[in-house]
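Undergrad: Fold the stuff below for me.
(one chain, ligands or ions: 3)
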Amino acid sequence: MVYQLGILGLGTVGGGVAQVLLTPEQRHPLLQELQIKKVGVRDLDKPRPVNFPPEILTTDLQSIVQDAEIDIVVELLGGLEPARTLILEAIAQGKHIVTANKAVISRFGDEIFTAANQAGVYVMLEAAVAGGIPVIQPLKQSLGANRIHTVTGILNGTTNYILTRMQQEKGDFAEILADAQRLGYAEADPSTDIDGLDAADKIAILASLAFGGRIARDEVYCQGIRSVTAVDIAYADKLGFVIKLLAIAHRDFSQADNALELRVHPTLVPLDHPLASVNGVHNAVLIAGEPLGEVMFYGPGAGAGATASAVVADLINIAALLPMGNQSHPLLTCTHDHYCPIVPLAQVSSRFYARLLAEDHPGVLGKLGTCFGNYGVSLESLVQIGIKDDLAEVVVVTHHVCEGEFRQALDEIKSLISVNQVASVLRVLA
Ligand SMILES: NC(=O)C1=CN([C@@H]2O[C@H](COP(=O)(O)OP(=O)(O)OC[C@H]3O[C@@H](n4cnc5c(N)ncnc54)[C@H](OP(=O)(O)O)[C@@H]3O)[C@@H](O)[C@H]2O)C=CC1
Ligand SMILES: N[C@@H](CC=O)C(=O)O
Ligand code: NA
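TA: Ligands and ions are numbered 1, 2, ... in the order given. Reported below is the predicted structural model:
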């Protein structure tokens, strides 16, 4: 049996997918059954790593999703529109979907999966989270026996690449970002990566699978890496931490409604934690549940080849299932119909790191300790590290405390005459 593919997009990922599909030797035999019928792009004259004849390459994306001979549409455009509309149109035409588009799935998964279930087609998205790392399929198929309580991930290759190089070579942010773009890691608008939005899309998708409910994407707290400075990277290092952009989903079984904590933020990770040594474009996802305990998935999170590996794996899955008839595979469909409640950020408990600039006078450290104590913030350490512009640089690391109480203590500290500035606040992984 041969299945006809319509590929939307021939950029970094689309080019990688085409290269794999066109060289099936020594790969899975089902690749022989996948044939590229049409490829949609914006600019026919752009140089490409793969050259298709004019009857395959087109700028008319509608002609792809409406083509009665195409069985599977592979959406690799990126962005919200026209990707969302084209996916829905293809589903309405009875086509299966493979997509790498976490922005669309995390925001419009509800309508896309509802439409797919009605049409009896698959929507597969292994490439949408953590690039080449198999994590969607394990969550759907291999971890179902577990009561999962926490998913912690480094889910954005671009920011991990930037933070790693800032840490290792003290390089310039803009230059390192330009390298990430050149290597094909960054989104079309790199602020999607830098501001944590891409990681938030991905943790929303993982949380939906891990906790069996839909996630309102705008309820995911999201802070990117713009606030991370070389000074904080250096202090974190002295204190035994490395700074990573973490995406965290946690189910608090003690809450009556089993509400979820969902957040993305730069985090001080202890150097002996498994996520601390995940460097460069690599991603990792640490899943903790009962009875399994912890399992970590690790590998390349972005780039043409890694992402193509995940896209083609989804295509192989569909090609394997189609001969079995119209019955949808229960482990590969998404049938959630309720939204998970989310814990407000002020109630989320965390450890914190804060760097303050204060007058170098006797008693200042005592005043800081008193302010924290007024709000029940227990300190693990409070040290004056150095002098900067005649001001004492003070670094505080707390024990676990509710975000709301920590913020109230900081507000009181900011109002002290002897405190010049709260220069940075970061969370610390327990
Ligand atoms: N890059 C990566 O490492 C990863 C990317 N992803 C996801 O994969 C998807 C694709 O990313 P990537 O390959 O990097 O993106 P690129 O920008 O490299 O490629 C996008 C492709 O889509 C085409 N395209 C975009 N909009 C239109 C439009 N309106 N009409 C016609 N063609 C259009 C472009 O055409 P043209 O070439 O003519 O401009 C280009 O070929 C995104 O959803 C991204 O988030 C997921 C995991 C990793
Ligand atoms: N821009 C993304 C690409 C993969 O999803 C990243 O850097 O991780
Ligand atoms: Na993946």
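Undergrad: can you pull the contacts of the closest residue to ligand 1 within the chain?
TA: As assessed by CB to the nearest ligand atom, ligand 1 sits closest to G11 within the chain, at 1.8 Å. For the C-beta atoms, the positions are set from N, CA and C on the backbone; glycine is no exception. With contacts taken as CB atoms under 8 Å, 6 or more residues apart in numbering, G11 has the following neighbours: L76, G78.
Undergrad: Tell me how far it lies from I387.
TA: Distance of G11 to I387, given as CB to CB, to the nearest Å: 50 Å.
Undergrad: Likewise for T114?
TA: 60 Å.
Undergrad: Which of the two has more residues huddled nearby?
TA: Neighbours were tallied for T114 and for I387 using other CB atoms under 10 Å; the higher tally belongs to T114 (14 against 11).
Undergrad: Validate this expectation: A145 resides in a strand.
TA: No - assessed by DSSP: H, G, I helix; E, B strand; the rest coil, A145 does not belong to a strand; its assignment is coil.
Undergrad: and the next element down the chain from the helix or strand bottoming out on mean pLDDT in the chain?
TA: Taking mean pLDDT, DSSP states H and E as the measure, the helix or strand of the chain with the lowest value is strand 379-388, at a mean of 89. The element immediately downstream of strand 379-388 (helix or strand, assigned by DSSP states H and E) is strand 391-398.
Undergrad: Please enumerate residues in contact with the helix or strand just after that next one?
TA: Once the chain leaves strand 391-398, the next helix or strand it forms, by DSSP H and E, is strand 401-402. Strand 401-402 has contacts (CB under 8 Å, 6+ apart) with A346, Q347, V348, S349, S350, R351, F352, Y375, G376, V377, S378.
Undergrad: Buried members of the residues you listed into ChimeraX, please.
TA: The command below creates a ChimeraX selection of those among these that count as buried (16 or more other CB atoms under 10 Å):
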select :348,349,350,351,352,375,377
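Undergrad: Adding distance to ligand 2, secondary structure and pLDDT as columns, could you present the contacts of strand 401-402 in a markdown table?
TA: Shown next, in a markdown table, are those (distance: CB to the nearest ligand atom, whole Å; DSSP: H, G, I helix; E, B strand; the rest coil; pLDDT from 0 to 100):
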| residue | distance to ligand 2 | secondary structure | pLDDT |
| --- | --- | --- | --- |
| A346 | 29 | helix | 96 |
| Q347 | 29 | helix | 94 |
| V348 | 24 | coil | 95 |
| S349 | 28 | strand | 95 |
| S350 | 24 | strand | 97 |
| R351 | 26 | strand | 98 |
| F352 | 26 | strand | 98 |
| Y375 | 37 | coil | 97 |
| G376 | 38 | coil | 97 |
| V377 | 34 | coil | 98 |
| S378 | 36 | coil | 97 |
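Undergrad: Around A130, how many other residues sit close by?
TA: Other residues near A130 number 31, with proximity taken as other CB under 10 Å.
Undergrad: how far away is the residue of the stretch 1-150 of the chain found nearest ligand 2 from P270?
TA: Using CB to the nearest ligand atom, the single residue of the stretch 1-150 of the chain nearest to ligand 2 is G131, 5.1 Å away. Spatial separation of G131 from P270 under the definition CB to CB is 26 Å.
Undergrad: go on, E405?
TA: Between E405 and P270 the distance is 23 Å, computed by CB to CB.
Undergrad: same deal with L88?
TA: With CB to CB as the criterion, L88 and P270 are 45 Å apart.
Undergrad: next one: G376
TA: G376 sits 24 Å away from P270, taking CB to CB as the criterion.
Undergrad: who touches the closest residue to Y375 other than its chain neighbours in this structure?
TA: Leaving out its chain neighbours, the residue that sits closest to Y375 by CB to CB, 6 or more residues apart in numbering is A409, at 4.0 Å. Contact partners of A409, counting by CB under 8 Å, 6+ apart, are C371, F372, N374, Y375, V377.
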